[in-house]
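**Q** make a model of this:
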Amino acid sequence: MRFFTLICCFLVASVAMAKDFKVATVDLQQLFKEYPGTKKAQKKFNAMADEKKQKLTDEADEIRDIEKSLKDSGSVLSKKEMKAKQEEYATKAKAFQDEESQVQNDLAAKEQEMTKTLLEEIKGIVAKIAKNDGVDMVLDAEKTVYAKDAVDLTDEVLKSYKSSDSDSK
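**A** I've put the predicted structure just below:
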């Protein structure tokens, strides 16, 4: 009987606390897209990606030159020279494939790292606004099916971007 009474007390207390519980949502995808840091990070990432792709293009051109040289001078070269050229071509082609794969992996990892950093910054801004507004929990609107009496903080966060952007000018 005491256990039952104790459970009832906990239920009453949790219901009383739940009435004061304030939930909010944000469109995290929109916040990410419009965050000023996203554009800067994207420019930085694109510059790095372009540099790496240019290096790969230069190497691909070099491999094509070796391939063309093999075709053009195939009848002129001795068997030993031909074999050496073919080995050079095979070695460079394999190295190119390995490097291309490594570049793709590096770019994917860098993009993931930048995205994680930006999301942490955005979540910090959201948390600050939520605390100021007395919100107990903030959910991503896209992943939330239903939240009774939830307040949408997206516009408030977007306004904070604009005010902090104009403060930094």
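**Q** so how far is the longest helix seen in the chain from its chain's centroid?
**A** With secondary structure taken from DSSP state H, the chain has its longest helix at helix 79-132. Distance of helix 79-132 from the chain centroid (C-alpha atoms, centre = their mean, to the nearest Å) equals 13 Å.
**Q** following element in sequence after that helix, please.
**A** strand 137-140 (DSSP states H and E).
**Q** now do the same contact list for the residue nearest to the spatial centre of the chain.
**A** Geometric centre of the chain, nearest residue: Thr115, 3.0 Å, by C-alpha atoms, centre = their mean. By C-beta atoms under 8 Å, 6 or more residues apart in numbering, the residues touching Thr115 are Phe32. Quick note: C-beta positions are derived from backbone N, CA and C, even for glycine.
**Q** please renumber so the chain begins at 46
**A** With 46 as the first residue, the last one maps to Thr160.
**Q** so for it, what's the pLDDT?
**A** If you check Thr160, the pLDDT there is 95.
**Q** over to Gly119?
**A** Reported pLDDT for Gly119: 64.
**Q** same check, this time on Tyr134
**A** 85.
**Q** pretty sure it sits against Lys116.
**A** No - using C-beta atoms under 8 Å, Tyr134 is not in contact with Lys116; the gap is 10.6 Å.
**Q** so the nearest residue in space to Leu164 that is not next to it in sequence is in which element?
**A** Nearest non-adjacent residue to Leu164, counting by C-beta to C-beta, 6 or more residues apart in numbering: Phe77, 6.7 Å away. Assigned by DSSP H and E, Phe77 belongs to helix 73-79.
**Q** now the helix or strand just after that helix: buried residues?
**A** Next in sequence after helix 73-79, counting helices and strands by DSSP H and E, comes helix 81-117. For helix 81-117, burial by neighbour count (16 or more other C-beta atoms under 10 Å) applies to 83, 86, 90, 94, 97, 104, 108, 111.
**Q** how close does Ala172 sit to Val180?
**A** 9 Å (C-beta to C-beta, to the nearest Å).
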